[in-house]
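Asker: the following block contains a protein sequence and its predicted model.
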Amino acid sequence: MMREDNSDAFDKLYHLFYAPLCVFANRYIEDYSAVEDCIHDIFLKIWRDRKSISINTSVRSYLLTTTRNHCLNLIEKRKTELTYEQYILNTYDPYSPEDLYSVEELESMIEKAIEKLPEKYRTVFRMSRFEYMTYKEIAEKQNISIKTVEAYMHKSLAMLSVSLKEYLPYIILFIFFNKN
């Protein structure tokens, strides 16, 4: 009946099996909100794929198998995430004093890197990034072509990314958290 887009049949299926599937999934996953998300995902997938699903067993068996597989996939995904988190924790010392920069220090590093740019690049870069001028406005003011402005910006950004590569994660956070 669901194949004919019968939402009432789907609602009955959902209400009949939601709670029992949550209990079943809770055997695999301890976090109950994750269990609920898991079961919602399963029913969402069933509704989305309703026209193509082929159930060769009972609906109950299908739902149990689907739930078990989904739970196992979530467990595997979480193991991978934990492995990656552990790798990061083992290879990166978050308490290293040389890795903590104040806003002023980051601003100073950025300013020093900008000062090292060739004068024309620096001027165009400042006009674009600090004065918020369009490439067209910069081209008109500097009496150069828009293509030249684009080239200067491209080269400026390339040079800055090289000179600031060690600090890039901090600068990205700095820019992200300092938006007005």
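Answerer: Arrived safely. Note that the structure is a prediction, hence the values are computed from the model and not measured.
Asker: how close does the residue lying farthest from the centre of the chain get to Ile39?
Answerer: Distance from the C-alpha centroid of the chain peaks at Asn143, with 40.7 Å (Cα atoms, centre = their mean). Distance of Asn143 to Ile39, given as Cβ to Cβ, to the nearest Å: 65 Å. Any C-beta I mention is one placed from the backbone N, CA and C, and that applies to glycine too.
Asker: tell me the phi and psi of the residue farthest from the centre of the chain?
Answerer: The phi/psi pair for Asn143 (degrees, to the nearest 10) reads phi 60, psi 50.
Asker: for Ile144, same thing?
Answerer: Backbone torsions of Ile144, given as degrees, to the nearest 10, read phi -130, psi 170.
Asker: list the contacts for it?
Answerer: Listed by Cβ atoms under 8 Å, 6 or more residues apart in numbering, the contact set of Ile144 reads Ile138.
Asker: let's see the pLDDT reported for it.
Answerer: Listed pLDDT for Ile144 reads 95.
Asker: for Leu173, same thing?
Answerer: With respect to pLDDT, Leu173 scores 62.
Asker: same check on Val103?
Answerer: 70.
Asker: what of Pro169?
Answerer: You'll see Pro169 listed with a pLDDT of 68.
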